[in-house]
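Engineer: fold the following.
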Amino acid sequence: ISKAYLRPAPGLVEFSTATGVDRGGIEFRGELYRISGSRLIKISPNAVITDLGYIPGIGRVSLAGGFDRFCIVTAGRGFYYLPETGLVEITDPNFALALDVVFIDGYFMFTDGDFLFPAELSDPLVFDPIKFGSAEIDSDPIQSLEVVRNELHAVGSTTVEIYQNVGGSNFPFARVKGAVITKGSVARYAALEVEDALFFVGSGRGEAPSVYMGSAGRSQRISTDEIDKTLQSYSPQQLATITIDSYSSEGSYFVLINLPDQTLGFDVWSSATAGMPLWHIRTAAGEISAPWRCSQPVRVYGKWIGGDPTTGRLCEIRSESATEYGEILFREFATPLSFVDGNGFLVHKMQIYGIPAATLLTVSPQIAISISKNGVEYGVERWVNSGKRGQHDFSPVWRKIGRADKTMTARFRVVNESLFTPARLEASIEVLRD
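Structural biologist: Predicted coordinates for the structure are as follows:
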């Protein structure tokens, strides 16, 4: 059996329903808070929603949790929520039109795209006009802020500058000498700290976009050629809408890049184990072209709970589910092009071995195969059973696959409630020699 297997993407189950489109969420003091439309809400473990106040703007917000409060930045304005006293807006005249916020070393740190400015330690509602800093390596605008290994990262459009807390009466952070990543982010929400590293979609000046992992002032490209081709098929305006999320589950840590019509998934832990980048694509169930419908998942109450970015629905990620809000998912995977020293060949049989999954007694799981001689055009799908409940030794098999003059690839599709996990493919091949 193979050392690896193709695991299915998790399903989504409705956790609760709010009144507005989900704009982001945070866990604070063991409770779940999300921005739904124009309202800040708290969601209890049994999915009861409490309205906490008005939040302006549309689209995703920036959130950062501190010791006694968390901060929300949206539409250039800043708000704090304190469980003891409620929601309050930042009204200090020295507060600039903020784009992003993080919490580091007791400071709420903000950026307006040009400068970095912290709230006062003694009173986060107060801002000192002399405590403003700026990114100085390049003239590129600051897209966002991230904290990686307790270092402040100012993520620009073509560079990332790294800062440490040095104290003092002026701007309390100083750039780490020589610590700069010569790549930047394509969008405000296209960078994220995961596993003590900065993951981002971007490029250096004059370069095409790729996906990078930044650490210790260096960057490493983790996207494959196919992922790069996908990213480079979008316009700059479309790339500016990219968002990145992450969550961990059952030995995998996923970084999810949400594009206009699909979501690209990178498995951090499995890629490190395999020694190669492992990517997959997720789309919304029942949609021809739409990204995965779970945004900004938050670990709280022993669950991963996110929000549907198109509705007020809140979702729970469940690996044991094969549906998305009740809609049946489909999974698709393909083999590389098979080549037998330039000879033609006949494929008499293909058989998939895998890890069986329990299904309802009424479910008859199905899996289909379709064949292509060029990797572009595929033939008619042939459906077979993938094993009913209790058939633990069952392996789907197809016979009389066909002839190939030089190359052949097989594509498999699962459209049912089965969680059948393929781990090995065997083919019976007869080489045709001149």
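Engineer: only C-alpha atoms from now on, for both contacts and neighbour counts.
Structural biologist: OK.
Engineer: you'd agree Gln238 is in a helix?
Structural biologist: Yes: read with DSSP: H, G, I helix; E, B strand; the rest coil, Gln238 is one of the residues of a helix.
Engineer: so the spatially closest residue to it that is not a sequence neighbour is in which element?
Structural biologist: The shortest distance from Gln238 to any non-neighbouring residue, by Cα to Cα, 6 or more residues apart in numbering, is to Pro260 (6.9 Å). Per DSSP states H and E, Pro260 falls between elements, in no helix or strand.
Engineer: change the start of the numbering to 59 and stick with it
Structural biologist: Got it, the first residue is 59 from now on, which makes the last one we talked about Pro318.
Engineer: so Pro318 makes contact with Ala348?
Structural biologist: Yes: with contact defined as Cα atoms under 8 Å, Pro318 reaches Ala348; the gap is 6.7 Å.
Engineer: helices of the stretch 309-458 of the chain, residue ranges please.
Structural biologist: Here the stretch 309-458 of the chain has its helices, by DSSP state H, counting those that start in this stretch, at 326-332.
Engineer: show me the shaky parts of it.
Structural biologist: Regions of the stretch 309-458 of the chain meeting the criterion pLDDT under 70 cover residues 414-420.
Engineer: show me where it has its strands.
Structural biologist: 310-316, 321-325, 337-340, 353-358, 361-365, 371-376, 381-382, 385-386, 388-392, 396-397, 402-413, 424-430, 440-443, 455-462 (DSSP state E, counting those that start in this stretch).
Engineer: adjacent strands (with direction) for the longest one?
Structural biologist: I take that to be strand 402-413. Applying DSSP bridges, strand 402-413 is found paired with strand 455-462 (antiparallel), strand 479-490 (antiparallel).
Engineer: cool, the fourth one as well?
Structural biologist: Each strand pairing with strand 353-358, determined using DSSP bridges, is listed with its direction: strand 361-365 (antiparallel).
Engineer: and the partner strand, C-alpha only, in PDB?
Structural biologist: What follows is strand 361-365, C-alpha atoms only, in PDB (Å, rounded to 0.1, in the frame of the first residue of the first chain):
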ATOM      1  CA  LYS A 361     -14.700  22.900  17.200                       C
ATOM      2  CA  TRP A 362     -13.600  24.900  14.100                       C
ATOM      3  CA  ILE A 363     -16.400  27.400  13.400                       C
ATOM      4  CA  GLY A 364     -16.300  29.800  10.500                       C
ATOM      5  CA  GLY A 365     -18.700  31.900   8.400                       C
END
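Engineer: format the strands of the stretch 309-458 of the chain as CSV; extra columns: mean neighbour count and distance to Gly144.
Structural biologist: Output for the strands of the stretch 309-458 of the chain, formatted as CSV (neighbours: other Cα atoms under 10 Å; distance: least, Cα to Cα, whole Å):
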stretch, mean neighbour count, distance to Gly144
strand 310-316, 22, 32
strand 321-325, 22, 36
strand 337-340, 18, 38
strand 353-358, 22, 21
strand 361-365, 23, 23
strand 371-376, 23, 23
strand 381-382, 22, 35
strand 385-386, 16, 38
strand 388-392, 16, 44
strand 396-397, 15, 63
strand 402-413, 18, 50
strand 424-430, 20, 52
strand 440-443, 15, 56
strand 455-462, 16, 61
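Engineer: just put these in JSON lines and tack on distance to Gly123.
Structural biologist: Listed next are the strands of the stretch 309-458 of the chain as JSON lines, based on distance: least, Cα to Cα, whole Å:
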{"stretch": "strand 310-316", "distance to Gly123": "21"}
{"stretch": "strand 321-325", "distance to Gly123": "26"}
{"stretch": "strand 337-340", "distance to Gly123": "29"}
{"stretch": "strand 353-358", "distance to Gly123": "13"}
{"stretch": "strand 361-365", "distance to Gly123": "17"}
{"stretch": "strand 371-376", "distance to Gly123": "21"}
{"stretch": "strand 381-382", "distance to Gly123": "30"}
{"stretch": "strand 385-386", "distance to Gly123": "35"}
{"stretch": "strand 388-392", "distance to Gly123": "37"}
{"stretch": "strand 396-397", "distance to Gly123": "52"}
{"stretch": "strand 402-413", "distance to Gly123": "41"}
{"stretch": "strand 424-430", "distance to Gly123": "45"}
{"stretch": "strand 440-443", "distance to Gly123": "49"}
{"stretch": "strand 455-462", "distance to Gly123": "53"}
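Engineer: relative to Arg263, which of those strands is closest?
Structural biologist: The minimum distance between Arg263 and those falls on strand 310-316, with 21.5 Å, by Cα to Cα.
Engineer: so the closest one versus strand 321-325, what angle?
Structural biologist: On the basis of axes from the mean of the first three to the mean of the last three Cα atoms, to 10 degrees, strand 310-316 is oriented at 160 degrees to strand 321-325.
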